[in-house]
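> What would the 3D arrangement of this be:
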Amino acid sequence: MSEEKKINEEEQQAEVQNIEDTSEVENVEVSEPKENSNKSNLDSTETNLVKKPLDIEVDSVIKEETAVVKEEEEITSSDDKPSEKNTEETAVVKEEEEITSSNTEPSDETKVETAIEEDEKDEEEITSSDEDLSEEGSEETTKKEALDYSSLNQTSLISALQELLATQDVQKIKNNAEEIKTEFNNQFQEELAEKKDAFLAEGGNIIDFHYTSKNKAAFNDAYGEYRTKRNAHYKDLKQELENNLDNREALIGEIKSILDSEESANKNYNKLKGIQERWKNAGPIPRDKYNTVWNNYHHYMETYYDALHLDREFRDLDFKHNLEEKRKLIKRTEELTKETNIDKAFRELQLIHRRWKEEVGPVAREFRDEIWDTFSAATKIIHDKKQEAEAALQETFHENYNVKKELIGLIDRVKAEITPSHNAWQKGMKQVQEIRDVFFQAGSVPKEKNKEIWANFKETTRNFNKAKNQFYKDQKNQQFDNLEKKQALIKIAEDNKDSEDFDAATQLYKKVQHDWKSIGHVPRKDSDKIWKEFKVACNHYFERLHSLKDEENKEEFANFEKKEALLEVTSKLKMSDDHKENIKNIKEKITEWKSIGRVPYKKKNIDQKFNKVLDGLFSKLDLGKKETELIKFENKLSAMVSQEDDRQLQNEQFYIGKKIDETKAEIMQLENNLGFFQHVPDDNPMVAEVHKNIARHKEQLQLWIEKRKKIKAARS
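Down below sits the predicted model:
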């Protein structure tokens, strides 16, 4: 074989090596590369490119790359999942279109709706070519979507939006801003409906109805600021991507100029390396331009290597450098197979594939299969682990979904079981907050269930809050009714504060005060005012009453002093041998005691002291038990009468009546017991004891009956 023929074969092999190495893509599974699928085309292409490198048009670039893309599709594993990390740019573009479409939400207000649609059109136009590399961003978005604003009022919602604008990047708060807007509009629509109903109830015409509020104006300002900042951000981003695009196209132009340069191969080689470094740092470009720009770049890079056969030393040197770089990437990929955090490993693998694809050039043919198979094998291990982890994660997601469904049901149950009281609602609010905390800590759910479970949670929470708000709204209405009732009591108190009928007025004021306590709360702003008015009227009356009582108390204290003196005399009373004289003297003291009259309430224990003195005197007399008891009871009864306390007399009469009933029941039981001893003689000890008890109870019964007669006479 001639030397010229050998050189041609080596050039053809290098051409195939160059194209196949640069066609490696992300998410690669182990697959046998196609060696000669494009060889016939490459032979003719090589000759034309070497002779006329500057005559290449974009159409020819795309045509040449079609074969490469086709080969990439064959190499890429069928197990790859474009939804996680698309490696083929057409799939990336398609995914971006789906994402953009799913994020487009209709607005509640016409003007806002138009602005939002325009914003999202701008976003679709300027999506970056690097956005598919960031999974962390999507995770952050998911976490933010989990925020629930349904428990906030309008003022808090405005503050939440203002805080987001002050502390977060505007491009990261879209979901939260839209959530806040939806919740605010729902609350405002409820408020608007209430105002409209009130307007119509007052006889207004629907045509004349118009309502706005300070909260609505403040929210519109905050949301307008959000839209302005968001538009400015995407305008700046669009300009940045366009600048990067111009820069990359200029770099492609520099590569084309090298192909036509007459400078030394060494100098051109150094220029190309500088261009490659600048290309890596050129930044993202519009996604819809990425395929064309990337294909043009690689096409002219390949064209350069096609022409480099004139200086094999530089080509071999570059092959050696590329081999070292790819072996480093393989080593790092193999290290990633041992990484326990599969998500972290998978994210880094995407970056490695991007570098393998865009930054590292071809290697010599003899190393191609070796490095490709090694790299593919390591990649497959990570892909398999990723799939296993996702399968296990899906099971956890389904468990989380069931847990969250149960939690939503618990909120409904709490709402259904709450009784209409302030304490019950406070307890229910605490329970729901605890359920909400558990809900947010329960973890993610399957992606296809996320919107469903989130919508159900928000709806259930909103229903709970509506019921709570309705309760407190009813409470507020009840407070206005209570205010009217208490104002009526104030009028009664003021109308009777100068009454001279103290007995009737005192009872009236006691009832008014009792009714006041039982009515319930009034609006906070009126509470202190009406209480002061009521208190002034009541105090005015009772001050008059106490003034009158003070006059009466002077007489009572005088009576107390008399009773103290009489108590002293009675306690020193001497008993003579004349029984009748002794009884006469004691009764005189009792009569005198009764005649003195009432003493102050706090001094009434003096009657008990007098009774104890009488007990001592009676113990010295030879009186029957019944007679003694009646005398002592008459004295006790006299003390009750002197205090003018009918309730005490009533209680005493009730007590005596109860003792009479108990004594009669005891006598009846004892007499029934005698029926068991019909054939037993009366002198039997047991029978005799029963007869004795019956007699004792009958005697006691007569005493209780006498006492009841006396207390009835006293009350009449």
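
> how many neighbours does V641 have?
Using other CB atoms under 10 Å, V641 has 17 neighbouring residues. Any C-beta I mention is one placed from the backbone N, CA and C, and that applies to glycine too.

> give the contact list for it.
Each residue near V641 by CB atoms under 8 Å, 6 or more residues apart in numbering is listed here: 649, 714.

> Check it and give its pLDDT.
Confidence at V641, expressed as pLDDT, is 72.

> How about V432?
91.

> and if you look at V438?
Turning to V438, the model gives it a pLDDT of 91.

> go on, K497?
In the predicted model, K497 carries a pLDDT score of 85.

> mind listing the strands for this structure?
Here the chain has no strands by DSSP state E.

> the longest helix in it is where?
The residue-count maximum for a helix in the chain (DSSP state H) belongs to helix 365-417.

> Which elements pack onto that helix?
Secondary-structure packing of helix 365-417 (3 or more CB pairs under 8 Å, 6 or more residues apart in numbering; DSSP states H and E): helix 3-22, helix 312-336, helix 342-358, helix 422-441, helix 447-495.

> Switch these over to TSV; also include distance to L508.
Listed next are those as TSV, based on distance: least, CB to CB, whole Å:
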stretch	distance to L508
helix 3-22	104
helix 312-336	90
helix 342-358	79
helix 422-441	31
helix 447-495	7
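
> looking at these, which is closest to I660?
The closest of the helices and strands packed on helix 365-417 to I660 is helix 447-495. By CB to CB, the value is 43.9 Å.

> relative to helix 422-441, how tilted is that closest one?
160 degrees (axes from the mean of the first three to the mean of the last three CA atoms, to 10 degrees).

> from the chain's centre, how far out does helix 447-495 sit?
Centroid displacement of helix 447-495 relative to its chain, using CA atoms, centre = their mean, to the nearest Å, is 19 Å.

> packing partners for that helix?
Against helix 447-495 (3+ CB pairs under 8 Å, 6+ apart) you get helix 365-417, helix 422-441, helix 502-519, helix 524-571.

> tell me the angle it makes with helix 365-417.
Inter-element angle recorded for helix 447-495 and helix 365-417: 30 degrees (by the same axes, to 10 degrees).

> now the helices for the stretch 551-700 of the chain?
579-596, 606-619, 625-642, 646-674, 685-715 (DSSP state H, counting those that start in this stretch).

> Serialize these to JSON lines and add fields for distance to Y297.
Formatted as JSON lines, these follow (distance: least, CB to CB, whole Å):
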{"stretch": "helix 579-596", "distance to Y297": "124"}
{"stretch": "helix 606-619", "distance to Y297": "115"}
{"stretch": "helix 625-642", "distance to Y297": "116"}
{"stretch": "helix 646-674", "distance to Y297": "107"}
{"stretch": "helix 685-715", "distance to Y297": "118"}
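
> So which of those is nearest K271?
That would be, of these and by CB to CB, helix 646-674, which comes in at 116.4 Å.

> Flag every buried residue along that closest one.
The neighbour-count check on helix 646-674 (16 or more other CB atoms under 10 Å) flags 649, 652-653, 656, 659-660, 663, 666-667, 670 as buried.

> next one: stretch 592-604
Buried-residue list, stretch 592-604, by 16+ other CB under 10 Å: 593, 596, 598-599, 603-604.

> residue ranges with poor pLDDT in the stretch 351-500 of the chain?
Filtered on pLDDT under 70, the stretch 351-500 of the chain yields no residues whatsoever.

> what sits against the nearest residue to L192 once chain neighbours are set aside?
Spatially, and ignoring its direct neighbours in sequence, L192 is nearest to Y211 (5.8 Å; CB to CB, 6 or more residues apart in numbering). Y211 makes contact with 192, 195-196, 199, according to CB under 8 Å, 6+ apart.

> As CSV, the residues you listed with pLDDT, distance to P446 and neighbour count would be great.
Output for the contacts of Y211, formatted as CSV (pLDDT from 0 to 100; distance: CB to CB, whole Å; neighbours: other CB atoms under 10 Å):
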residue, pLDDT, distance to P446, neighbour count
L192, 87, 38, 16
K195, 84, 43, 15
K196, 84, 42, 15
F199, 81, 47, 16
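
> Just give me the closest of those residues to N400.
L192 (37.8 Å).

> separation between that closest one and T212?
When distance is defined by CB to CB, to the nearest Å, L192 is 9 Å away from T212.

> Which phi and psi values does the residue nearest to L192 adopt?
Backbone torsions of Y211, given as degrees, to the nearest 10, read phi -150, psi 140.

> so how far is T340 from it?
Y211 sits 59 Å away from T340, taking CB to CB as the criterion.

> what does N153 give?
Going from N153 to T340 by CB to CB gives 46 Å.

> The two: which is more packed in?
N153 (14 against 7).

> Let me see the contact set for that one.
Contacts of N153 by CB under 8 Å, 6+ apart are Q187.

> Show the pLDDT at it.
Per-residue pLDDT puts N153 at 87.
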